[in-house]
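Asker: quick one, what's the 3D model for this:
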Amino acid sequence: MPDYTMTLREQIGQVLMVGFGGTTPSPQILDLIQNHHIGGIILFSRNVQSPFQVHALTHDLQIAAKAAGHRYPLLIAIDQENGMVQRLGHGATSFPGNMAQGAIGSEQVTYAIALATGQELQSLGINMNLAPVVDVNNNPANPVIGVRSFGEDPHMVARLGAAAVKGYRSAGIISCLKHFPGHGDTAVDSHLSLPTIPYPMERLEKIELVPFRSGIETGVDCVMIAHIAFPSLTQNEALPATLSSVIVRGLLREQLGFDGVIISDCLEMKAISETVGVAQGAVQALQAGVDLVLISHQYPRQRSSIEAILTAVQ
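Answerer: This is a model prediction of the structure:
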């Protein structure tokens, strides 16, 4: 439920998750926490030197939020998928990634890896992992998923994805299925432009949606929406899923019955930033039903998005 005792600016801050540069809190991130009530932070490799430093960083960020009068602790997230995408380097355990886990095919192994990953994150003051990836790897030309997927069998991906969700939950970490409704069968990287999945709903039901249904039934906390066009669902070749209420509300909320938090993929990816723009993308994502808008990098874009949301609400 929304907290109606919050001011409008406090509420806007709570629907944004932002990143920053450096291994200590930057002046920009402190401004966003102290003066704009930002409720979510995402960490990348650029923020990580050692476990002791990360622990100090997350502690300092939470202290800044508390001192600024935040009513809730910050969500502090990271992409610790394991394998080729892991932000924690030296001093953290290097676990096998999804495709290696898919080759093993054991729910127990995947659960144990997620549990151990989650325990390490928890000890560093990170409370949310933007994982597991449950895209089905059914296009060998895919430039961005590949080994980040458990494999090409949707039912195996569903089994292992659900096991990972359980492992993170046991560690007390918020997990996040991504990239809804499925980024596996694309030959374009949404960091660079807007991929299109041309298939009808029947095909999505058989392949792409199988692991998401399983993760939702397991009780996952969060789902990330991808910047991918699904013209058979939206009747629009240029509309990313992130900005489509047909996909966010219609498909994810109503048809799949997901009642957790919906987060956007980063709005600075070119599929958004080079089309509608980041600030307008933030407004349109919220209008489509996204709960948490991710703007990972540039402070001017983070500030302009806050103002665009404020203007839109007013």
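Asker: flag the shaky bits of the chain, pLDDT-wise.
Answerer: 1-4, 139-144, 183-193 (pLDDT under 70).
Asker: would you map the strands across it?
Answerer: Remark: strands assigned in the chain by DSSP state E are 16-18, 40-43, 75-78, 128-129, 176-180, 222-225, 261-264, 293-295.
Asker: got these as a markdown table, with distance to residue 29 columns?
Answerer: In short, each C-beta sits where N, CA and C put it, glycine included. Rendered in a markdown table, the data for the strands of the chain read as follows (distance: least, Cβ to Cβ, whole Å):
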| stretch | distance to residue 29 |
| --- | --- |
| strand 16-18 | 7 |
| strand 40-43 | 7 |
| strand 75-78 | 11 |
| strand 128-129 | 17 |
| strand 176-180 | 21 |
| strand 222-225 | 22 |
| strand 261-264 | 19 |
| strand 293-295 | 12 |
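Asker: residue 50 is nearest to which of these?
Answerer: Among the strands of the chain, strand 40-43 comes nearest to residue 50, with 13.3 Å by Cβ to Cβ.
Asker: and that closest one, how far out from the chain's middle?
Answerer: Distance of strand 40-43 from its chain centroid, counting by Cα atoms, centre = their mean, to the nearest Å, is 10 Å.
Asker: mind exporting it as CSV, just the C-alpha atoms?
Answerer: Taking C-alpha atoms only, strand 40-43 is exported to CSV below (Å, rounded to 0.1, in the frame of the first residue of the first chain):
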residue,chain,number,x,y,z
GLY,A,40,16.8,2.8,-4.3
ILE,A,41,20.5,2.5,-5.2
ILE,A,42,22.1,0.2,-7.7
LEU,A,43,25.8,-0.8,-7.4
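Asker: now for it, which elements pack on it?
Answerer: strand 16-18, helix 51-67, strand 75-78 (3 or more Cβ pairs under 8 Å, 6 or more residues apart in numbering; DSSP states H and E).
Asker: one more time with 10 Å, if that's ok
Answerer: strand 16-18, helix 27-36, helix 51-67, strand 75-78, strand 128-129, strand 293-295 (3 or more Cβ pairs under 10 Å, 6 or more residues apart in numbering; DSSP states H and E).
Asker: figure out which of the strands of the chain is closest to residue 102.
Answerer: Nearest of those (Cβ to Cβ): strand 176-180, 15.8 Å.
Asker: please report how far residue 267 lies from residue 131.
Answerer: Distance, residue 267 to residue 131, using Cβ to Cβ, to the nearest Å: 20 Å.
Asker: and residue 257, by the same measure?
Answerer: Residue 257 is 22 Å from residue 131, by Cβ to Cβ.
Asker: tell me which of those two has more neighbours.
Answerer: Between residue 257 and residue 131, counted using other Cβ atoms under 10 Å, residue 131 has the larger neighbour count: 30 against 10.
Asker: wait, doesn't that one sit right on residue 82?
Answerer: Yes: using Cβ atoms under 10 Å, residue 131 is in contact with residue 82, at 7.6 Å.
Asker: shared neighbours, the two?
Answerer: 98, 114, 117, 148, 164 (Cβ atoms under 10 Å, 6 or more residues apart in numbering).
Asker: please narrow those to those residing in helices.
Answerer: 98, 114, 117, 164 (DSSP state H).
Asker: neighbour-wise, give me the winner out of these.
Answerer: Counting by other Cβ under 10 Å, top hit in these: residue 164 with 33 neighbours.
Asker: quick one: residues contacting that residue.
Answerer: Neighbouring residues of residue 164 by Cβ under 10 Å, 6+ apart: 81-82, 98, 101, 107, 110-111, 113-115, 117-118, 129, 131-134, 150, 175, 177, 215, 218, 220.
Asker: can you check residue 247 too?
Answerer: Residues counted as contacts of residue 247 (Cβ under 10 Å, 6+ apart) are 180-181, 225-226, 228-230, 233-234, 239-241, 253, 255, 288-289.
Asker: turn the shared contacts of residue 131 and residue 82 into JSON lines, columns for distance to residue 33.
Answerer: Listed next are these as JSON lines, based on distance: Cβ to Cβ, whole Å:
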{"residue": "98", "distance to residue 33": "33"}
{"residue": "114", "distance to residue 33": "29"}
{"residue": "117", "distance to residue 33": "26"}
{"residue": "148", "distance to residue 33": "31"}
{"residue": "164", "distance to residue 33": "30"}
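Asker: let me know the closest of these to residue 43.
Answerer: residue 117 (14.4 Å).
Asker: return the residues in contact with that closest one.
Answerer: 80-82, 86, 88, 92-93, 95, 129, 131-132, 164, 167-168, 171, 173.
Asker: those in helices, which ones?
Answerer: Using DSSP H, those in helices are 164, 167-168.
Asker: list just the nearest of those to residue 29.
Answerer: Of those, the one sitting nearest to residue 29 (Cβ to Cβ) turns out to be residue 168, at 25.2 Å.
Asker: count the neighbours of the closest one for me.
Answerer: 26.
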